[in-house]
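Chemist: Sequence isn't available, so here's the structure alone:
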């Protein structure tokens, strides 16, 4: 299903009576839609009468009632899906916070053990007894050195960006590092527990609402509605009311039907004169002149002519058939733009006979990220032929600017794919789950600007434009596979290596674990699908910095994944 938008048409170009009827129809539609949604959520309000018969009895035409019912059902269904998605998100957030509490508690336990150890050493030194050795619970993060003043402590990685912080004796280490760290960890745990309590309360409320069938629908948006609280003056109130009425005024869809002329009983489109006509709620037909579609005009004309061509072909012999699209329903929508109106046409495109579906000669694959596209071109045997990066600027831009930036980046990739005559392979992932992989506000803001669904929709649109197949593959462990198998060997970045793996997966090629590394996989994972084996490797090595994999690694030197991780962290 493709939605094609026309150029905005000024209402003054219409007849005055038609423009008045159009404005009245927008108001009537909004009122009927809001009322129908309310009746749909409270079925007992209508008694035994069905929703269709109730509104049909109010004098509405059958087609208008069916169109309103379809839109209202879509709104209610979207609200229920949003509720289910919110429950899923809260559940994942609770698990993440609980894991964070566990990790922070372990850090606090190690700090308290170190403090008790230092306390025991101080008492033994004071009483003249045997001083127990210092047991370091921090691993390589804290190192000790015996000096003439006692133990000196060095906090931080030896090869880090900054030099390790030095504490000359045990007293300084305890008062300047351990005590502030313990206070900070206790505060973090308390804050996380409060966060966990709030999340569990929100989850319980959402589950009660789901069980009771309660959904929250706010026509115009909650954000715009809450701006009413900020209004202090009368002129601000009038401005807010105007904005609120405009936001609540939705588009007016006209649902098509297969058995109707031009695929709809409610709308007509004159292909030659570019005049759009539709039946108002009062039953009168009005016309909107000058309706042209800057993108997809041919598709609209083919769709509205399909039913007429199908009727003619029934009366013609097989050798005289008129070529054209198969007959189908055509839906329309009218959008109020203030002093103008915009017409939208929803059509189902037939299969493109000229689309390139052949992956035998290779493909062009790209990995989507919030600040760039990482692209790779593959040959017939899955070999890498070219790799490059297309930068994107999203932070600080509006939604339309982000869409344009994504479209320009995809345009570069698709034009290259057309030049080399190869189809496209992309990753198919769910946006909400990906958000939870990031743990700070800045990264969450970036991933919200990432707009993966928008990228996927634009990629499919570009595929239709350039007659290229766009194949979505499961991106499971593509970054891990690319990091270990191809990043160093081919001189790629981790995202370019992931794009290369995505392309190989789109061509049906497999990437099993290398033989030298397969011996390190736990016994219970051996013999399973190679994705499970990569999952075990990911779990063991996920905290290892990416740059550590750019050096040559001899996997035969290690006996387990834990030993490999330790060796990589020490390098």
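Modeler: Good, I have the coordinates. Just so it is clear, the model here is predicted, and its values are computed rather than measured.
Chemist: remind me, longest helix of the protein?
Modeler: Here the longest helix in the chain is taken by residue count, with DSSP state H as the criterion, and it is helix 62-127.
Chemist: can you give me the strands in the stretch 151-300 of the chain?
Modeler: In the stretch 151-300 of the chain, the strands defined using DSSP state E, counting those that start in this stretch lie at 165-167, 252-254, 267-270, 275-279, 285-288.
Chemist: For the longest one, enumerate its sheet partners and note whether each is parallel or antiparallel.
Modeler: Read that as strand 275-279. strand 267-270 (antiparallel), strand 285-288 (antiparallel) (DSSP bridges).
Chemist: so which of the ones you listed gets nearest residue 513?
Modeler: strand 267-270 (57.7 Å; C-beta to C-beta). Heads up, the C-betas are built off the backbone N, CA and C, glycines and all.
Chemist: Would you mark the buried spots in the closest one?
Modeler: 267, 268, 269 (16 or more other C-beta atoms under 10 Å).
Chemist: where does this protein dip in pLDDT?
Modeler: 157-161, 429-451, 571 (pLDDT under 70).
Chemist: Domains in it, by residue range?
Modeler: Here the domain parsing of the chain from the TED database is 2-15+250-347, 91-212, 218-248, 363-511.
Chemist: List the buried residues for the third one?
Modeler: Which is domain 218-248. Applying a neighbour-count criterion of 16+ other C-beta under 10 Å, the buried positions in domain 218-248 are 240, 244.
Chemist: Next, the distance between the ends of it.
Modeler: 9 Å (C-alpha to C-alpha, to the nearest Å).
Chemist: again with the longest one
Modeler: This stretch, domain 363-511, spans 17 Å end to end (C-alpha to C-alpha).
Chemist: Which residue of this protein lies farthest from its centroid?
Modeler: For the chain, the largest distance from the centre (C-alpha atoms, centre = their mean) belongs to residue 128, which lies 65.1 Å off.
Chemist: Which one, of the strands paired with strand 275-279, ends up nearest to residue 464?
Modeler: Of those, nearest to residue 464 by C-beta to C-beta is strand 267-270, at 21.1 Å.
Chemist: gap between residue 489 and residue 517?
Modeler: 14 Å (C-beta to C-beta, to the nearest Å).
Chemist: higher neighbour count, these two?
Modeler: residue 517 (18 against 11; other C-beta atoms under 10 Å).
Chemist: Give me the nearest residue to the more buried one, chain neighbours excluded.
Modeler: Take residue 517 and drop its neighbours on the chain: the residue closest to it by C-beta to C-beta, 6 or more residues apart in numbering is residue 555, 4.8 Å away.
Chemist: Please look at that neighbour and residue 567 and confirm they touch.
Modeler: No - look at residue 555 against residue 567 with C-beta atoms under 8 Å: they stay out of range, at 9.9 Å.
Chemist: picking that back up, would a markdown table of the domains of the chain with distance to residue 542 be doable?
Modeler: Supplementary listing: the domains of the chain in a markdown table, determined by distance: least, C-beta to C-beta, whole Å:
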| stretch | distance to residue 542 |
| --- | --- |
| domain 2-15+250-347 | 40 |
| domain 91-212 | 13 |
| domain 218-248 | 37 |
| domain 363-511 | 8 |
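Chemist: Quick check: which of those domains is buried the most?
Modeler: Most buried of those, by mean neighbour count (mean count of other C-beta atoms under 10 Å): domain 363-511, with a mean of 18.
Chemist: sorry, back to before: with residue 412 as the reference, measure out to the residue nearest to residue 517.
Modeler: 38 Å.
Chemist: One more: residue 305?
Modeler: Applying C-beta to C-beta to residue 305 and residue 412 gives a distance of 35 Å.
Chemist: Same check on residue 279?
Modeler: Counting by C-beta to C-beta, the gap from residue 279 to residue 412 is 45 Å.
Chemist: on that earlier part again, could the strands of the stretch 151-300 of the chain be laid out in JSON lines, adding distance to residue 188?
Modeler: Shown next, in JSON lines, are the strands of the stretch 151-300 of the chain (distance: least, C-beta to C-beta, whole Å):
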{"stretch": "strand 165-167", "distance to residue 188": "20"}
{"stretch": "strand 252-254", "distance to residue 188": "50"}
{"stretch": "strand 267-270", "distance to residue 188": "60"}
{"stretch": "strand 275-279", "distance to residue 188": "60"}
{"stretch": "strand 285-288", "distance to residue 188": "61"}
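Chemist: Nearest to residue 173, out of the ones you listed?
Modeler: Minimum separation from residue 173 across the strands of the stretch 151-300 of the chain (C-beta to C-beta) falls at strand 165-167, 4.0 Å.
Chemist: With that, I have no additional questions.
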